[in-house]
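> Need a 3D model of the sequence below.
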Amino acid sequence: GLCPSLTTVVCKMGYNADTMSFELPSTDTVYVTGLPTNISERDIEEYFGSIGVIKQDKKTKKAKIWLYRDKDTGALKGDGTVSYEDPFSAGSAVQWFSGKDWKGSTLTVSLAETKGGGGGGGGYGGGGGYGH
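Reported below is the predicted structural model:
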C-alpha cells in the first residue's frame, strides 16, 4: 500500500494505508531523553510539531511541553514530555524521532506511561524493547 510521505517509518510497524491505522497507543504523550540542553520549549514545539499538532494548554495557551530542570540551577536535564492532540501523532513521533540526531544529541523517544505502574520512567535501559 502507499504511505503518506511523512509516515514511511510508520509503515514498518504494521501501518496499513488502506485502513489508515496502526496500533494506536493509549497515550498522546511521548517521553523524550537525550535532548540538547541549550533548547527551549519553543524549539521543541517547532521540531516535534513537524509530525503532528502539539496540544495547547487551555489556560496558558502554550504548547503542552514539559522539560525537566535541575531544582537548584534551573539547567535542563535533557529530558521531557511532549503531548500531542491525538495518540496517532504520539505513535508517529516515537517512530520518527527516536534515534534521530538533533543539534548534536541523539534522541530517544518512547510513549509516556499512563498507568500508575512502571518504574517511574528511565527504566528502559538502552532503548531496547521498542520498535520491533
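> now the closest residue to T29 other than its chain neighbours: how far from W96?
The shortest distance from T29 to any non-neighbouring residue, by CB to CB, 6 or more residues apart in numbering, is to A112 (4.0 Å). No exception for glycine: its C-beta is placed from N, CA and C like everyone else's. According to CB to CB, to the nearest Å, A112 and W96 sit 16 Å apart.
> and if you look at L111?
For L111 relative to W96 (CB to CB), the value is 13 Å.
> next one: I51
5 Å.
> just I39 next, same as before
18 Å.
> so for the top strand by length along the chain, what's the average pLDDT?
In the chain, assigned by DSSP state E, the strand with the most residues is strand 76-83. For strand 76-83, mean pLDDT is 97.
> Let me know the angle separating the following helix or strand past that strand from strand 76-83.
Note on strand 76-83: by DSSP states H and E, the next helix or strand toward the C-terminus is helix 87-97. With axes from the mean of the first three to the mean of the last three CA atoms, to 10 degrees as the basis, helix 87-97 and strand 76-83 are set at 140 degrees to each other.
> what are the C-alpha coordinates of helix 87-97, in CSV please?
Taking C-alpha atoms only, helix 87-97 is exported to CSV below (Å, rounded to 0.1, in the frame of the first residue of the first chain):
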residue,chain,number,x,y,z
PRO,A,87,-2.3,9.2,20.0
PHE,A,88,-1.7,8.7,16.3
SER,A,89,0.8,11.6,16.4
ALA,A,90,2.4,10.3,19.5
GLY,A,91,2.9,6.9,17.9
SER,A,92,4.4,8.5,14.8
ALA,A,93,6.7,10.7,16.9
VAL,A,94,8.2,7.6,18.6
GLN,A,95,8.9,6.0,15.2
TRP,A,96,10.1,9.2,13.6
PHE,A,97,12.2,10.9,16.2
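> For that helix, enumerate the helices and strands it packs against.
The contact analysis (3 or more CB pairs under 8 Å, 6 or more residues apart in numbering; DSSP states H and E) places helix 87-97 against helix 8-11, strand 29-33, strand 108-111.
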